[in-house]
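J.: Coordinates for the following, if possible.
(chains A, B, C and D)
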2 protein chains.
Amino acid sequence: MQATPRREKARAATIDEIKLTALRLMREQGTVDFRFADIARAMEMTPPALYRYFADRDELLSALIADAYNDLGEVVAQARDAVATDDVGGRFMAVSRAYRQWARKEPQQFALILGLPVAGYHAPVDGPTTEAAKRAMSQLSSLFMEAHTLGVLGPPRLRDVHPAIAACAEQKHQQTGVPVSAETFQAMLHAWSTLHGFAALEAFGHFDWIDEAGRDALFDGHARLAAETAGLPAPRES
Amino acid sequence: MQATPRREKARAATIDEIKLTALRLMREQGTVDFRFADIARAMEMTPPALYRYFADRDELLSALIADAYNDLGEVVAQARDAVATDDVGGRFMAVSRAYRQWARKEPQQFALILGLPVAGYHAPVDGPTTEAAKRAMSQLSSLFMEAHTLGVLGPPRLRDVHPAIAACAEQKHQQTGVPVSAETFQAMLHAWSTLHGFAALEAFGHFDWIDEAGRDALFDGHARLAAETAGLPAPRES
DNA sequence: CACTTCTGTAACGATGCTTAACGCAACGGT
DNA sequence: ACCGTTGCGTTAAGCATCGTTACAGAAGTG
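T.: The predicted structure follows:
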């Protein structure tokens, strides 16, 4: 606990290795489950040694979930910030591609946070996971906010906004403090759902029958349509 | 095997009860995993007795997956057939609502077939599951075929169709024998992905912060946008 | 009564998570 | 250079459970 930076560093490295190994094993067997003993074996350690780093199997799982949220959030944020602030359409495309690529690359982490809960795990209420979740998911909504303040957010192709949705947006407004119109609220959720559907189907192997080039082109068109439908301006360049 | 209808009936009932119990347990614990012993306990039987009905844990799992595909396919087909043949837009809305409602009602079965594979299970290649999968998934595409033959399939809001997608549609044409334009192919996948995204996010609890009325309204607008974007005509009535 | 089908008991082998007690190595100060 | 402290990893064991097989008895069928 006191200043022993060498120890702390080694410990952090081991923790990272444990988490990485868990992810690798999950990836290898294609599931979102892992065994404490397997991780130890893969690291050429013995199972009890892991308890020096994680009090519990659930604690490791919680850490993995929190990391997944942070990873996704970071990847998305980086993609967003690589495009000019005023090119909202371009930013949306970048965010969309990052979301999809991350889901493709890390299907297990993707399933961990956006799929069905893992067996025997109960998320700690109000823990770090929910916090990270909000942070990651607010990226998309903030994009719509930016578009709104920039005045480039065209009207989404919506017939009418149901009063229940308006009430929902209002509630969200109360919680976050940021004013959000019902149309924007609905457009954002539409865009997220649309993106997520493609990413999830692809990440879980349901588009395996389409070759890679086709999938890439399909997703680009998919995201473009989502942006257009949600009322976002077209990206500046392809 | 020989004509003993009484036995056969009881046996079928027991098989059904086993599968229903497995689904109930999965639902209760909110996962897509189950234990043979738990099923036996819940049925007030002993684990070995189950082997009289399923040679293997995997065999039960395969049956559940096949059932899930059939369930989804049947529900969707019924919803589709409840709307007039020439009201393609209305049929699409019916199919969409059925897809979503099924995912909501049976998140476990939904995850079973459209989520990440279950731990320790390897799908038998070319078994009944893949067959059922194709049958269920072809419902949406057949809807677009109908629209195409009826001549009511408007142009989807697509800029241009990538050659890779055209090649993919052509390959699909070769396999199924049904001619499908690249635009229709892309529009169909766009619609499916869009629907699936909402259904998956909601089924896995990520829309729990939206009240039920709001979700209902959101989905209706979502599906309507998906239909419009894909070039399907508007439904005849709300 | 003969025969089939089912179900329970017992047991095997393996594996899992977790705790306790022991040895080793590195670290920090003297 | 030495020594106590600290943390890490191992071995050993406890405890529970799982999937599965073998065998014997019960129940239903004709």
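J.: For the one helix or strand A:Gly89 maps to, C-alpha coordinates in PDB please.
T.: Here A:Gly89 sits within helix A:88-105, counting by DSSP states H and E. Coordinates of each C-alpha in helix A:88-105 appear next as PDB, following Å, rounded to 0.1, in the frame of the first residue of the first chain:
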ATOM      1  CA  VAL A  88     -21.300  15.700 -37.700                       C
ATOM      2  CA  GLY A  89     -22.100  13.300 -40.500                       C
ATOM      3  CA  GLY A  90     -18.500  12.200 -40.700                       C
ATOM      4  CA  ARG A  91     -18.300  11.800 -37.000                       C
ATOM      5  CA  PHE A  92     -21.400   9.600 -37.000                       C
ATOM      6  CA  MET A  93     -19.900   7.400 -39.600                       C
ATOM      7  CA  ALA A  94     -16.600   7.200 -37.700                       C
ATOM      8  CA  VAL A  95     -18.500   6.300 -34.500                       C
ATOM      9  CA  SER A  96     -20.600   3.700 -36.300                       C
ATOM     10  CA  ARG A  97     -17.600   2.000 -37.900                       C
ATOM     11  CA  ALA A  98     -15.800   2.000 -34.600                       C
ATOM     12  CA  TYR A  99     -18.800   0.400 -32.900                       C
ATOM     13  CA  ARG A 100     -19.000  -2.300 -35.500                       C
ATOM     14  CA  GLN A 101     -15.300  -3.000 -35.700                       C
ATOM     15  CA  TRP A 102     -15.100  -3.400 -32.000                       C
ATOM     16  CA  ALA A 103     -18.000  -5.800 -32.000                       C
ATOM     17  CA  ARG A 104     -16.300  -7.800 -34.700                       C
ATOM     18  CA  LYS A 105     -13.000  -7.800 -33.100                       C
END
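J.: Quick check: buried residues in it?
T.: Within helix A:88-105, the residues that count as buried by 16 or more other Cβ atoms under 10 Å in any protein chain shown are A:88-100, A:102-103. Any C-beta I mention is one placed from the backbone N, CA and C, and that applies to glycine too.
J.: Equivalent analysis for stretch A:54-62, please.
T.: A:54, A:57, A:60-62.
J.: tell me the mean pLDDT over it?
T.: Stretch A:54-62 shows a mean pLDDT of 91.
J.: Please see if that stretch touches DNA strand C.
T.: Yes. Contact of stretch A:54-62 with DNA strand C is found when judged by Cβ under 7 Å from any atom of the strand, involving A:55-58.
J.: again with stretch A:30-45
T.: Yes. Counting by Cβ under 7 Å from any atom of the strand, DNA strand C is contacted by stretch A:30-45 at A:35-38.
J.: Save the residues you listed as JSON lines, and put in secondary structure too.
T.: Listed next are the residues of stretch A:30-45 next to DNA strand C as JSON lines, based on DSSP: H, G, I helix; E, B strand; the rest coil:
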{"residue": "A:Arg35", "secondary structure": "coil"}
{"residue": "A:Phe36", "secondary structure": "helix"}
{"residue": "A:Ala37", "secondary structure": "helix"}
{"residue": "A:Asp38", "secondary structure": "helix"}
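J.: pLDDT value on the residue nearest the centre of chain A, please?
T.: The centre of chain A sits closest to A:Leu72, judged by Cα atoms, centre = their mean, with a distance of 4.1 Å. For A:Leu72, the pLDDT comes out at 93.
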